[in-house]
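# fold the following for me, if possible:
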Amino acid sequence: MIVTGSIFSQTLQMNTGLSVMAPDELLPSESYQAVYLLHGLSGSCTDYLNYTMLADYGKNCRAIYIMPEVQRSFYTDMVHGYRYFTYITEELPAICKNIFHISLKREDTAIIGLSMGGYGALKCALSRPEQYGFCGAISSAFLYIREILDEQRGADVPDIPGIPDLGLVFGESLEYKPEYDITELAKRIEGEKVKPVIRAYCGTSDFLYEDNDRFQREMKGMDFDFAYEEWKGIHDWNFFNPALKKALEEMSACRGKDWENREETV
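As a prediction, the model looks like this:
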């Protein structure tokens, strides 16, 4: 079952796009695993349905795939705009719990994203480790947001070509905060017992490859269940599609191995 449309968000105070893929027969007695799929900077809530084989990859899973729309917000509570981080991490799970009876347990909750959505998935999982058991990051953008903001703050025209949104998201002064920074968020929880499983992927010819390679080397030096894969590819759906398949396979494998004796969902 695939549903695409919009819902009204109290957090955003407007209608916002949402796509959901669920088993054809939803059992009212069952709490389903929730898999959030986050789109990239120029994307929308229909991207995974239109450009990947998600319908095939997820057909045998007892999961509900939730694909929200956040515009070009960096999955952040914007300084001049909408509170998309709060919407994604708080309101949307509550809405889906009421409509689709998803489980809210961390062992039943995964978040996966590509490009800007890779940044968003990492940000959500590392900011709320008690909420997400698995994080998949595909060709992630903005991994070193402090460096981007510092560079743009000193530029004559304070925006990256094609990304005029920085001032709206982070404010005119482009102020850096640790909660924007993926590696800082990882350092904050490195010593905690509860941490998400993280799997990352990037194409070797992707324009973001150097940042992703740097990130994976830093993460491998920390105390996380983290793994990284790379293969030939650029920043496009020819790479994103098989990477999504790998992420979903890793999600299922990790869940079966590490969460086998989890408590019954409620």
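# from here on, just use CA atoms for contacts and neighbour counts.
OK.
# can you give me phi and psi for the residue nearest the centre of the chain?
Among the residues of the chain, the one closest to the centroid is residue 121, at 2.3 Å (C-alpha atoms, centre = their mean). Phi and psi for residue 121, reported as degrees, to the nearest 10, are phi -60, psi -40.
# and it, what does it touch?
For residue 121, the contact set (C-alpha atoms under 8 Å, 6 or more residues apart in numbering) comprises 38, 111, 112, 113, 135, 136, 137.
# contacting residues around the helix or strand containing residue 135?
For residue 135, the element it lies in under DSSP states H and E is strand 134-138. With C-alpha under 8 Å, 6+ apart as the test, strand 134-138 has contacts from 107, 109-115, 117-119, 121-122, 125, 196-202, 240, 243-244, 247, 251.
# what about 6 Å?
110-114, 118, 196-201, 247 (C-alpha atoms under 6 Å, 6 or more residues apart in numbering).
# can I get it in CSV, CA atoms only?
Extracted in CSV, the C-alpha atoms of strand 134-138 (Å, rounded to 0.1, in the frame of the first residue of the first chain):
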residue,chain,number,x,y,z
PHE,A,134,19.6,2.4,13.1
CYS,A,135,20.8,5.2,10.9
GLY,A,136,21.7,4.9,7.2
ALA,A,137,23.6,7.8,5.6
ILE,A,138,23.9,7.9,1.8
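# mind listing the strands for this structure?
Here the chain has its strands, by DSSP state E, at 2-9, 14-21, 33-38, 63-68, 109-114, 134-138, 197-203, 226-231.
# dump those into JSON lines; add mean pLDDT as well.
Converted to JSON lines, these look like this (pLDDT from 0 to 100):
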{"stretch": "strand 2-9", "mean pLDDT": "95"}
{"stretch": "strand 14-21", "mean pLDDT": "97"}
{"stretch": "strand 33-38", "mean pLDDT": "97"}
{"stretch": "strand 63-68", "mean pLDDT": "96"}
{"stretch": "strand 109-114", "mean pLDDT": "98"}
{"stretch": "strand 134-138", "mean pLDDT": "98"}
{"stretch": "strand 197-203", "mean pLDDT": "98"}
{"stretch": "strand 226-231", "mean pLDDT": "98"}
